[in-house]
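Peer 1: Okay, structure incoming, though there's no sequence with it:
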Ligand SMILES: [Zn+2]
């Protein structure tokens, strides 16, 4: 077990597309264990993508269960998402994001409010999840990492969106 | 050089909005050996305003000289203060407050006063006037820290809504660090 080094922008790997995972072996489970430790040790602790430690594979961990005020909301707890895919999405919401790979900066980003995703678990079994709000935001942020996208690519100004209200 | 040895200035430039102010000003700074930190540049009414942190190796007078050609040719008013940079110390806001209503005297003062009393530390405030000449609409947008909790701010906003007939909305910000 080990906490891995987080790579930070402008490391070129953060702008590259990660490869699909094809072998579900002990090396994978060891890596996932280390990635999890790294996420927990980080400043956010709610999500991490393999590419953030320089491993160019489509692996994401999300766990919003310990985030203050989110605890009681609907979520799936600790999730290992391998080769994740967004199947459907609905609604748009602005929220503030930062990134372990972009220290000392936060900004507003528009994300889908509800998403349906499919992903494999660490044993290669396929699952489908419906998620909303903060958890959906975290998953979209991490899947972006697998596609070489940072929240900086999606920043919006806080001007001019005052009247976008909840329906 | 360490942060403490580097000289930082807050440079304010204001003038009638015209083409290419930003590119001319930043080119003059770059050619004069200046380096930008955090900046804010925007058109307010017909005026363009620039506020920027500038790292510059020389004294205030020399920075003034480096900008004199552009301030003269573009008719910009210049103000410079030496500052303590404090870069890389961003505070993360935990509330976003929107206030809007018919334009009326003293609304910013009223709102910010009650919110300050309720513990709001403003990190960012922008306000705008929409509508038209006959029916101007005032819009204010604040991001800040609720140092005494969100409930206190909500109660304060309730008072402003009732007493001043404006609409206001407070949203807690959950910042995702992923
Ligand atoms: Zn990130």
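Peer 2: Yep, that arrived. Bear in mind that the values here come from a model prediction, so they are computed numbers and not experimental data. Residues are numbered from 1 along each chain as shown, chains lettered A, B, ... in the order given.
Peer 1: does the helix or strand containing residue A:33 come close to the ion?
Peer 2: Per DSSP states H and E: residue A:33 is located in helix A:26-41. No. Helix A:26-41 stays clear of the ion (CB under 5 Å from the ion), getting no nearer than 10.6 Å. C-beta here means a position set from N, CA and C on the backbone, and glycine is covered the same way.
Peer 1: helices and strands around that helix, which ones?
Peer 2: Packing contacts for helix A:26-41, counted by 3 or more CB pairs under 8 Å, 6 or more residues apart in numbering or on different chains; DSSP states H and E, involve strand A:47-49, strand A:59-62.
Peer 1: can you tell which of the ones you listed is closest to residue B:92?
Peer 2: strand A:47-49 (16.9 Å; CB to CB).
Peer 1: ok now that closest one, how far from the chain's centre?
Peer 2: Distance of strand A:47-49 from its chain centroid, counting by CA atoms, centre = their mean, to the nearest Å, is 5 Å.
Peer 1: Turn the helices and strands packed on helix A:26-41 into JSON lines, including distance to the ion and mean pLDDT.
Peer 2: JSON lines is the format used below for these (distance: least, CB to the ion, whole Å; pLDDT from 0 to 100):
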{"stretch": "strand A:47-49", "distance to the ion": "7", "mean pLDDT": "98"}
{"stretch": "strand A:59-62", "distance to the ion": "10", "mean pLDDT": "98"}
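Peer 1: residues in contact with the residue of chain B found nearest the ion?
Peer 2: Taking CB to the ion as the measure, the point where chain B comes nearest the ion is residue B:178, at 4.2 Å. Residue B:178 makes contact with A:44, A:46-49, A:97-100, A:138, A:141-142, A:145, A:151 under the criterion CB atoms under 8 Å, 6 or more residues apart in numbering or on different chains.
Peer 1: Recalculate using a threshold of 10 Å.
Peer 2: Residue B:178 sits next to A:39, A:42, A:44-49, A:52, A:60, A:62, A:64, A:97-101, A:137-142, A:144-145, A:151 when contact means CB atoms under 10 Å, 6 or more residues apart in numbering or on different chains.
Peer 1: Many thanks, I have nothing further to ask.
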